[in-house]
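K.L.:
Below is the sequence, then the predicted model.
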Amino acid sequence: MDSTNKKYEVWIDDNYHAMLDPNSYQKQAEFDNAEDAINKCKEILLDSLAYIYKDGMTLRDVTAQWAMFGDDPFIRAEDCKFSAREFLDKEIDEEAYFEEIKKYKNAKQE
């Protein structure tokens, strides 16, 4: 396959059902470039975290619930990897991202 036809598939693994059925993931979207696929994964993750968030929860509370019940997006492509868990553990400023979760949730409720 030449690189002009390369597709980046975004899949979602439901953390709850993944414990019961390791083949419970679903294809969400397909992109022509890695950047768009990674951005979609981040959007899915943010949406899942915002859905879980309730007033009074800490980021640790939210991510613990997400790890048990949330949507875990990933990319199927040899040259592109995205791990929601690694993104949450290593690549975010926790306070800023927690504020982003709350803002996203409030915007969706309006």
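P.N.:
Right, received. Where do you want to start? Numbers count the residues shown, from 1 in each chain.

K.L.:
C-alpha only now, for contacts and for neighbours.
P.N.:
Fine.

K.L.:
pretty sure residue 53 is touching residue 64, no?
P.N.:
No. The pair residue 53 / residue 64 is not scored as a contact, 10.9 Å apart, by C-alpha atoms under 8 Å.

K.L.:
Comparing those two, which shows the higher neighbour count?
P.N.:
Using other C-alpha atoms under 10 Å as the criterion, residue 53 and residue 64 rank with residue 53 on top: 21 against 13.

K.L.:
Chain neighbours aside, what residue packs nearest to the more buried one?
P.N.:
residue 62 (5.8 Å; C-alpha to C-alpha, 6 or more residues apart in numbering).

K.L.:
Need the per-residue pLDDT for the residue most central in space within the chain.
P.N.:
With distances taken as C-alpha atoms, centre = their mean, residue 45 lies nearest the centre of the chain, 2.6 Å away. With respect to pLDDT, residue 45 scores 96.

K.L.:
Relative to residue 79, how far out is it?
P.N.:
21 Å (C-alpha to C-alpha, to the nearest Å).

K.L.:
Number of residues surrounding residue 60?
P.N.:
For residue 60, using other C-alpha under 10 Å, the count is 11.

K.L.:
Three-state assignment for it, please.
P.N.:
helix (DSSP: H, G, I helix; E, B strand; the rest coil).
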